[in-house]
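Trainee: Pasting the sequence and the predicted coordinates here, then a few questions.
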Amino acid sequence: MSALLNYKLEGEGHTVVLIHGLFGSLDNLGLLARDLKNDHQVLSIDLRNHGHSFHSDAHNYALMAADVDQLLTHLDIQQATIIGHSMGGKVAMKLADIAAEKVAQLVILDMAPVAYTERRHENVIAGLEAVLEQKPSSRSEAMAILAKHVEIDGVRQFLGKSMMNQDSVMVWRFNVAALKANYASIMGWEPIARCDIPTLFIKGGDSNYLTAEHQAQVQAQFSHAKAHVIANTGHWLHAEKPAEVLRAIRKFIL
């Protein structure tokens with residue numbers, strides 16, 4: 001088996017697992033963790049090739065779900081509620097496919113169980129590679145390089161959270177080469193066998209990641225699926241509207 005994922009375990013009670021999205025880390029769902037740890041045990045994880053977890057040339061949903069399954073076994077967590085955002089949502093759905101007995105409920109934040117065809121991160125990958133190539137010595141210099149490729153300040157700030165100083169050069173914690181090489185797999189999806197685990201899909205009202213046209217594929221794979229829309233928010237709904245997202249989660253998992 002592979003190395004264990006990096007994780008943070010807080011609180012007591014029924015376990016809730018929080019899984020971040022592409023280019024993220026376990027801190028991304030921190031607003032949710034801070035609230036949920038008051039009455040749950042919260043397991044926040046860094047997926048492979050992200051945060052402080054191991055780097056690997058291989059990066060697909062079967063492997064990522066197996067990594068999470070291995071960590072749950074290691075921590076002797078028999079059953080948990082799994083919450084995943086974006087790529088982490090697909091990891092959560094795949095975990096329900098390979099280790100259904102460990103998944104009490106699923107909460108999927110703004111992601112559908114479908115293959116996406118649009119390449120949404122070309123500019124981000126170009127920016128990440130430019131920083132690696134130009135070897136900036138300061139954070140401000142690195143952010144200036146990134147700004148030539150990534151227009152939205154919020155996206156730059158998000159990426160900047162995974163920047164670190166290594167031998168006086170700013171580099172990324174995540175494995176840019178592997179994520180670029182496996183990008184088609186990250187955007188892709190192999191439909192899973194129909195799953196009867198209670199599942200809540202929370203959609204950002206302004207986001208196009210989860211739309212009405214995905215409903216048939218959701219129903220085909222999740223027989224107990226509910227949907228909840230958070231109005232006036234995009235793909236980063238948990239960061240933009242944490243109180244509303246938490247309310248929806250708590251109403252579902254209690």
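Mentor: Arrived safely, thanks for sending.
Trainee: can you give me the strands in the stretch 101-250 of the chain?
Mentor: Assigned by DSSP state E, counting those that start in this stretch, the strands in the stretch 101-250 of the chain fall at 103-109, 163-166, 169-172, 199-204, 225-230.
Trainee: Each with direction, which strands does the last one pair with?
Mentor: In the sheet containing strand 225-230, its partner strands are strand 199-204 (parallel), by DSSP bridges.
Trainee: Contacts made by the strand it pairs with with the rest, please.
Mentor: The contact list for strand 199-204 (C-beta atoms under 8 Å, 6 or more residues apart in numbering) reads 96, 105-112, 209-210, 218, 222, 224-230, 233-237, 240, 245, 248-249, 252. Where C-beta positions appear, they are placed from N, C-alpha and C, glycine not excepted.
Trainee: Kindly recompute the last result at 7 Å.
Mentor: Strand 199-204 has contacts (C-beta atoms under 7 Å, 6 or more residues apart in numbering) with 106-110, 210, 218, 222, 224-230, 233-235, 237, 245, 248, 252.
Trainee: Next: stretch 42-56.
Mentor: Defining contact as C-beta under 7 Å, 6+ apart, one finds that stretch 42-56 is touched by 2-3, 5-11, 15-20, 24-26, 29, 33, 36, 59, 63-64, 67-68, 71, 88, 91, 173-175, 178-179.
Trainee: From the residues you listed, keep the buried residues only.
Mentor: 5-8, 11, 15-20, 24-26, 29, 33, 36, 59, 63-64, 67-68, 71, 88, 91, 173-175, 178-179 (16 or more other C-beta atoms under 10 Å).
Trainee: hmm, back to that, which of the strands of the stretch 101-250 of the chain sits closest to Ile83?
Mentor: Across those, the minimum distance to Ile83, taken as C-beta to C-beta, is reached by strand 103-109, at 4.3 Å.
Trainee: So what are the sheet partners of the closest one and their directions?
Mentor: Applying DSSP bridges, strand 103-109 is found paired with strand 80-85 (parallel), strand 199-204 (parallel).
Trainee: now it: mean pLDDT?
Mentor: On average, the pLDDT along strand 103-109 is 98.
Trainee: what's the offset of that strand from the middle of its chain?
Mentor: Chain-centre distance of strand 103-109: 13 Å, with C-alpha atoms, centre = their mean, to the nearest Å.
Trainee: I would like the residues contacting that strand, please.
Mentor: Strand 103-109 is contacted from outside by 79-85, 89, 92-93, 95-96, 197-202, 237-238, 249, 252-253, using C-beta under 7 Å, 6+ apart.
Trainee: can we see that at 6 Å?
Mentor: 79, 81-83, 85, 89, 92, 96, 197-202, 238, 249, 253 (C-beta atoms under 6 Å, 6 or more residues apart in numbering).
Trainee: Tell me the buried residues within those.
Mentor: The neighbour-count test (16+ other C-beta under 10 Å) marks 81-83, 85, 89, 92, 96, 197-202, 238, 249, 253 as buried among the contacts of strand 103-109.
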